[in-house]
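Asker: What shape does this take:
(one chain, ligands or ions: 1)
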Amino acid sequence: MSIKLYGYWRSSASYRARIALNLKQVDYEYVPVHLVKNGGEQHMEAYRSLNPAELLPTLVDEDEDIILTQSLAIIEYLDERFDTGIQLLPEHKLQRARVRAVAYDLAADIQPLGNLRVLQYLEANFGADAQTKAAWARHWIEKGFGAIEKRIQNTAGQYCFGFDVSLADVCLVPQVYNAKRFNVDMEAYPLISRIADNCNKLEAFIQAQPENQPDAE
Ligand SMILES: N[C@@H](CCC(=O)N[C@@H](CS)C(=O)NCC(=O)O)C(=O)O
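Answerer: As a prediction, the model looks like this:
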């Protein structure tokens, strides 16, 4: 089997995919793409030919001759392709929809607003300095975390949904990592903090942490 993940140590979307690969116990090759060096390797032809959106991550499954982008699509693909490890989406359709809703809160509504290219655009076109960009990112994380903290009030156990790790947790932990980078006061989100701490005790999450990647700086 030959699976490659193109990622960057601090990219939260890559971090999601790494957690999922580990939870599914998939052996994979990690190919670092530097998001900042030389104006960003994601914009260079070598990577753009794999992913025209110039965003990380990209997964290549050479056995199936497949190139996949979008971390959530990648994770659902892995969940269905491999019956190893744990199931990231519940069997029951209502539970599955609820897990996806929290994952989309994180990956579709929060993370894109703090993405590198958005912050770069604010700086280049609206003169936003480092402080303004951080305040912007913090604002959207806090708004999103406020909603999630309420949303999982009745579903949380050890993880977002009871006692099984799911796609929601896979998306939550990288966003908590981002929140800390932007100095969000995590004490305002005790449930999210507790769940992230629980996840971060698991080997699959530890191995996926930005600091544990070969390209970590
Ligand atoms: N919705 C995409 C988001 C991908 C994304 O935003 N990737 C970021 C890193 S977390 C990126 O590559 N940014 C490069 C840039 O902004 O130029 C996914 O989940 O895969």
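Asker: Scan this structure for its longest helix.
Answerer: Taking DSSP state H as the assignment, the helix of the chain that covers the most residues is helix 130-151.
Asker: Tell me the buried residues in stretch 154-170?
Answerer: Buried residues in stretch 154-170, counting neighbours by 16 or more other CB atoms under 10 Å, are found at 156, 159-161, 164-170. The way it works is simple: take the backbone N, C-alpha and C, and place the C-beta from them, glycine included.
Asker: possible to save those as JSON lines with secondary structure?
Answerer: Formatted as JSON lines, the buried residues of stretch 154-170 follow (DSSP: H, G, I helix; E, B strand; the rest coil):
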{"residue": "156", "secondary structure": "strand"}
{"residue": "159", "secondary structure": "coil"}
{"residue": "160", "secondary structure": "coil"}
{"residue": "161", "secondary structure": "coil"}
{"residue": "164", "secondary structure": "coil"}
{"residue": "165", "secondary structure": "coil"}
{"residue": "166", "secondary structure": "coil"}
{"residue": "167", "secondary structure": "helix"}
{"residue": "168", "secondary structure": "helix"}
{"residue": "169", "secondary structure": "helix"}
{"residue": "170", "secondary structure": "helix"}
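Asker: Quick check: most distant residue from the centroid of the protein.
Answerer: In the chain, the greatest distance from the average C-alpha position (CA atoms, centre = their mean) is reached by residue 127, at 28.2 Å.
Asker: And the helices in this protein, which stretches?
Answerer: With DSSP H as the criterion, the chain has helices spanning 12-23, 45-48, 71-81, 93-104, 116-126, 130-151, 167-181, 190-199, 203-208.
Asker: So which of the ones you listed is the most surrounded?
Answerer: With neighbours defined by mean count of other CB atoms under 10 Å, none of those is more surrounded on average than helix 12-23, at a mean of 26.
Asker: Quick one: closest of the helices of the chain to residue 215.
Answerer: Shortest distance between residue 215 and the helices of the chain, using CB to CB, is found for helix 12-23: 10.1 Å.
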